[in-house]
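**Student:** Got a sequence here, can you build the structure:
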Amino acid sequence: MPITSPVDFISGPKSISTPENLEKGSTDSLTEIWLTFFSLFVAGIILVGDLVMVLYKFLDGQDLTAAFLLKALVVILVTGGVFGFYLQDIRDRVSPGKRKMWAIGAGVIIIISIILGFGILGSPQNQRLIRQDNQKITDLQNLQWQVISYWQMNGEIPESWPNMIADSQTDKPYEYKKTGAMTFELCAEFNRESATDQNYAIRLEYPKGGMMQNDNWSHSVGRHCFEKVIDPIAYPTQVRG
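**Tutor:** This next block holds a predicted model:
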């Protein structure tokens with residue numbers, strides 16, 4: 001019987017066809033048997049792949065966010081349940097009482113996953129607003145590097161920025177303001193306050209050796225401006241004299 005949902009695979013027929021059952025006169029088709037084993041194969045591949053991805057991110061030093069860990073946990077529980085149930089059922093070890101327990105367990109896992117999803121990640125609307133904020137940070141970072149490039153080519157910071165790119169959410173241009181000989185501001189409207197300090201490590205090359213510097217992009221909700229300073233040693237200008 002093919003899988004249609006985490007509960008259907010438990011509340012389906014009381015036994016699954018095996019070659020032994022067919023020899024006993026079972027009317028189940030051979031196709032059903034191979035679909036069962038194929039389901040086991042797919043569930044096993046997904047389960048192993050999920051574990052490998054978690055291990056890879058951990059060993060690579062990447063951030064294991066709550067969202068990623070929750071998704072990985074749900075995949076492990078669901079695919080593990082599918083794999084475990086079918087493996088036991090083809091061995092004729094699942095009684096009607098155990099079948100009911102499997103069904104209840106699957107329903108509980110689904111409900112808990114939904115509750116944790118909304119509790120930890122927030123609603124889909126909230127996640128969409130966070131993605132939009134992240135896109136704004138990316139746009140401002142690109143703009144920052146354009147200003148630095150302008151400084152290196154011209155030896156000064158521009159008074160204004162023509163043809164300013166627009167916020168994809170509001171269609172309003174981002175704000176740029178020169179605040180000093182080597183300083184400028186970049187402003188945007190944000191939907192949410194940044195959950196954690198958004199620091200990006202940048203390696204600066206100096207004549208006597210390089211060093212790491214944090215580029216802070218943490219922001220509050222609403223209009224927020226980032227004060228940026230150009231380091232003339234790290235980013236020397238090509239203009240002489």
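
**Student:** what does the domain assignment say about the chain?
**Tutor:** Following automatic domain parsing, one finds the domains of the chain at 19-122, 127-229.

**Student:** what about the residue nearest in space to the middle of the chain, distance to Val75?
**Tutor:** For the chain, Phe68 is the residue whose C-alpha lies nearest the centre (Cα atoms, centre = their mean; 5.8 Å). As judged by Cβ to Cβ, to the nearest Å, Phe68 and Val75 stand 11 Å apart. C-beta here means a position set from N, CA and C on the backbone, and glycine is covered the same way.

**Student:** go on, Ala234?
**Tutor:** The value you get for Ala234 to Val75, if Cβ to Cβ is used, is 43 Å.

**Student:** Name the residue in these two with the higher neighbour count.
**Tutor:** More crowded of Ala234 and Val75, by other Cβ atoms under 10 Å: Val75, with 18 against 15.

**Student:** Now do the contacts for the closest residue to the more buried one other than its chain neighbours.
**Tutor:** Closest residue in space to Val75, ignoring its immediate chain neighbours: Asp50 at 4.6 Å, by Cβ to Cβ, 6 or more residues apart in numbering. With contact taken as Cβ atoms under 8 Å, 6 or more residues apart in numbering, Asp50 is in contact with Ala72, Val75, Ile76, Thr79.

**Student:** and Asp50, what helix or strand is that in?
**Tutor:** Following DSSP states H and E, one finds Asp50 within helix 30-59.

**Student:** in that helix, what's buried?
**Tutor:** Neighbour-count burial for helix 30-59 flags Ile33, Leu35, Thr36, Ser39, Leu40, Ala43, Ile46, Leu47, Asp50, Val54, Lys57 (criterion: 16 or more other Cβ atoms under 10 Å).

**Student:** in the helix or strand harbouring Gln146, what counts as buried?
**Tutor:** Element membership for Gln146, per DSSP H and E: helix 124-154. Neighbour-count burial for helix 124-154, counted by 16+ other Cβ under 10 Å, picks out 129-130, 132-133, 136-137, 139-140, 143-144, 147-148, 150-151.
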